[in-house]
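Trainee: sharing a model prediction with you, sequence too.
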Amino acid sequence: MKYDIIIIGSGPGGYVAAIRASQLGRKVALVERAEAGGVCLNWGCIPTKALLKSAQVYNYCKTADHYGIELAGDVTPDLGKIVDRSRTVAETMSKGVQFLLKKNNIDLIAGFGRLAAPGCVEVEGVRYEADHIILATGARPREMPFIPVDGERVITSKQALALRKLPASIVVVGSGAIGSELAWFYAALGSKVTVVEYLPRMMPLEDEEVSKTMERAFRKLRATVLTSTTVKSVRVNDAGMCEVDIEGKKGAETLTSEVVLSAVGIQANIEGIGLEELGVAVERGKVTVDAFYRTNVAGIYAIGDIVPGPALAHVASAEAVCCVEAICGLDPAPVDYMTVPSCVFTSPEVASVGYTEQQLQERGIAYKVGRFPFTASGKATAAGDRDGFVKLLFGDDDRLLGAHMVGANVTEMLGEPTLARTLGATAHRIARTIHAHPTLHEGVMEAAEAATGQAIHL
């Protein structure tokens, strides 16, 4: 069968590409070897957030007396039921993607897709032709030789989303978004958690002030955070316990835990999909593309986690739209990778966009800082969530260069500074934009006022 566009992979890059192509009048097929929606909807973003919500509710129950509410009896988490709810949420979203594909007349082809020849995709022995082929095969947890994953005691994020019994102790290797979120989840439910980070600070991609704040938040949760620490080896002893050999600030030592979670990053799914046979260029494990996601082979494109750039669901979706619109003869603007919002759904949450202070300093860019602590927020105080701050960075021209926030629900606040940066908004314009009271969003206005020297509530 002949299509205008075939997409391999139905994650947030693939299914968005398929729908946008259909909207533009193209005949589209989408190839998927597992569940519709890819890792994000089924084993990543969505089920993780469902787990974290359960942990948040549990925490509210434990602290109900703070809000003047008395709960009779013990409040205990049931990990099996928590996971069941998470899986139901994931299945609901996957069905939603299937509905959208059907609504947009997109053929969903089940099976492993690979490039068989120029303009040809093979799926389980059947060949399909297309003028354009978009690779959106995503990524999987990276496995390191010194952390041999067995799926039971030494696990990846996928198994961590489906444990039926709460481990008494868990060592989490890596403190990026995935590692931090799952570490917080298990610590919040009562597991003894140790986070091991190779780099000098937790959440190393975030602004340094954010990292320090989150290290304090984890320690407040009674989790141990070991930075500047190398994992040398992981093994399971005869008693069924994990032994983790590390070397850090205190020298060499061995940690013992019931479970080890390897969260050391992801690896692109590019093996066996025909790249070598067709001569598609790959560098450092990623497919080489131009600003519109064209590879060096005519008619073949790549988006999402398999190309350079932030491995985030919303980035893949933006790349999908840009790629498809370019294929269809429109004139899309290239994706602005310096205006990519980033969220970590711990408690408190972390949200950021644009430059960090460290990046500005490294580039020699002059800037000024506007801060607003949530301790000064009426809404945060009323809600009982006063931890965190809003930090805005402005350039010499007064335009927003970066925003970094820590606090309850700050991920829901990130749209405003992202739009402000996209539109080139100045500190004055943000400060003079009326924000509803009382809201956490006022923190953005207050931080902008602080940057202009006109802070009212500080």
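Mentor: Now that the structure is in, tell me what you want to look at.
Trainee: going by C-alpha atoms from here, please, whenever you check contacts or count neighbours.
Mentor: Will do.
Trainee: for the residue lying farthest from the centre of the chain, helix, strand, or coil?
Mentor: Distance from the C-alpha centroid of the chain, by CA atoms, centre = their mean, peaks at residue 72 (37.4 Å). Following DSSP: H, G, I helix; E, B strand; the rest coil, the label given to residue 72 is coil.
Trainee: please apply the same query to residue 30.
Mentor: strand.
Trainee: looks like it contacts residue 4 (just checking).
Mentor: No - contact criterion CA atoms under 8 Å: residue 30 and residue 4 do not qualify, at 11.5 Å.
Trainee: which one's more surrounded, those two?
Mentor: Shown here are residue 30 and residue 4; by other CA atoms under 10 Å, residue 30 has more neighbours (24 against 17).
Trainee: show me the contacts for that one.
Mentor: 6, 7, 8, 9, 10, 14, 15, 18, 106, 107, 108, 109 (CA atoms under 8 Å, 6 or more residues apart in numbering).
Trainee: drop anything exposed from these.
Mentor: Restricting the contacts of residue 30 to buried positions leaves 6, 7, 8, 9, 10, 14, 15, 18, 106, 107, 108, 109, with burial counted as 16 or more other CA atoms under 10 Å.
Trainee: how about the nearest residue to the third one, chain neighbours excluded?
Mentor: The shortest distance from residue 8 to any non-neighbouring residue, by CA to CA, 6 or more residues apart in numbering, is to residue 31 (4.7 Å).
Trainee: do residue 109 as well
Mentor: residue 31 (4.7 Å).
Trainee: surely that neighbour and residue 114 touch.
Mentor: No - between residue 31 and residue 114 there is no contact under CA under 8 Å: 9.5 Å.
Trainee: still on that earlier bit, which one among the contacts of residue 30 gets closest to residue 434?
Mentor: Of all the contacts of residue 30, residue 15 has the smallest distance to residue 434: 37.6 Å, by CA to CA.
Trainee: on that earlier part again, any common contacting residues for residue 31 and residue 114?
Mentor: Counting by CA under 8 Å, 6+ apart, the residues touching both residue 31 and residue 114 are 8, 123.
Trainee: between those two, who's got more neighbours?
Mentor: residue 31 (27 against 21).
Trainee: direction included, what does the helix or strand where residue 109 lies pair against?
Mentor: Per DSSP states H and E: residue 109 is located in strand 107-110. Here strand 107-110 has these sheet partners by DSSP bridges: strand 28-32 (parallel).
Trainee: from the contact counts, what lies against the helix or strand harbouring residue 170?
Mentor: If you go by DSSP H and E, residue 170 is part of strand 169-173. The elements that strand 169-173 packs onto, with contact taken as 3 or more CA pairs under 8 Å, 6 or more residues apart in numbering; DSSP states H and E, are helix 177-189, strand 192-196, strand 251-257, strand 259-262.
Trainee: could you list the buried residues of stretch 94-110?
Mentor: Buried-residue list, stretch 94-110, by 16+ other CA under 10 Å: 94, 97, 98, 101, 104, 105, 106, 107, 108, 109.
Trainee: quick one: secondary structure of residue 116?
Mentor: strand.
Trainee: list the contacts of the nearest residue in space to it that is not next to it in sequence.
Mentor: Spatial nearest neighbour of residue 116, excluding adjacent residues (CA to CA, 6+ apart): residue 122 at 5.7 Å. Applying CA under 8 Å, 6+ apart to residue 122 gives the contacts 113, 114, 115, 116, 128.
Trainee: I'd like these as TSV, with distance to residue 420 and pLDDT appended.
Mentor: Below are those laid out as TSV (distance: CA to CA, whole Å; pLDDT from 0 to 100):
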residue	distance to residue 420	pLDDT
113	40	97
114	41	97
115	41	97
116	45	96
128	44	97
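Trainee: buried members of those into ChimeraX, please.
Mentor: Only the buried members of the contacts of residue 122 enter the following ChimeraX selection, criterion being 16+ other CA under 10 Å:
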select :113,114,115,116,128
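Trainee: out of the contacts of residue 122, who's nearest residue 332?
Mentor: Nearest to residue 332 among the contacts of residue 122, with distances taken as CA to CA, is residue 115, at 26.6 Å.
Trainee: restrict the biggest strand by length in the chain to CA atoms and write it as PDB.
Mentor: Counting residues, the longest strand found in the chain (DSSP state E) is strand 126-135. C-alpha atoms of strand 126-135 as PDB (Å, rounded to 0.1, in the frame of the first residue of the first chain):
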ATOM      1  CA  VAL A 126       4.800  -6.700   4.900                       C
ATOM      2  CA  ARG A 127       6.100  -3.700   2.900                       C
ATOM      3  CA  TYR A 128       4.500  -0.300   2.700                       C
ATOM      4  CA  GLU A 129       5.600   2.500   0.400                       C
ATOM      5  CA  ALA A 130       5.600   6.300   1.200                       C
ATOM      6  CA  ASP A 131       7.000   9.500  -0.200                       C
ATOM      7  CA  HIS A 132       8.200  10.500   3.200                       C
ATOM      8  CA  ILE A 133       9.200   8.400   6.200                       C
ATOM      9  CA  ILE A 134       9.500   9.900   9.700                       C
ATOM     10  CA  LEU A 135      11.400   8.000  12.400                       C
END
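Trainee: so for that strand, what gets flagged as buried?
Mentor: Buried, per 16+ other CA under 10 Å, within strand 126-135: 127, 128, 129, 130, 131, 132, 133, 134, 135.
Trainee: secondary structure class for the closest residue to the first one other than its chain neighbours?
Mentor: Think residue 127. Leaving aside its chain neighbours, residue 127 sits nearest to residue 121 (5.6 Å; criterion: CA to CA, 6+ apart). For residue 121, the secondary-structure state derived from three-state DSSP is strand.
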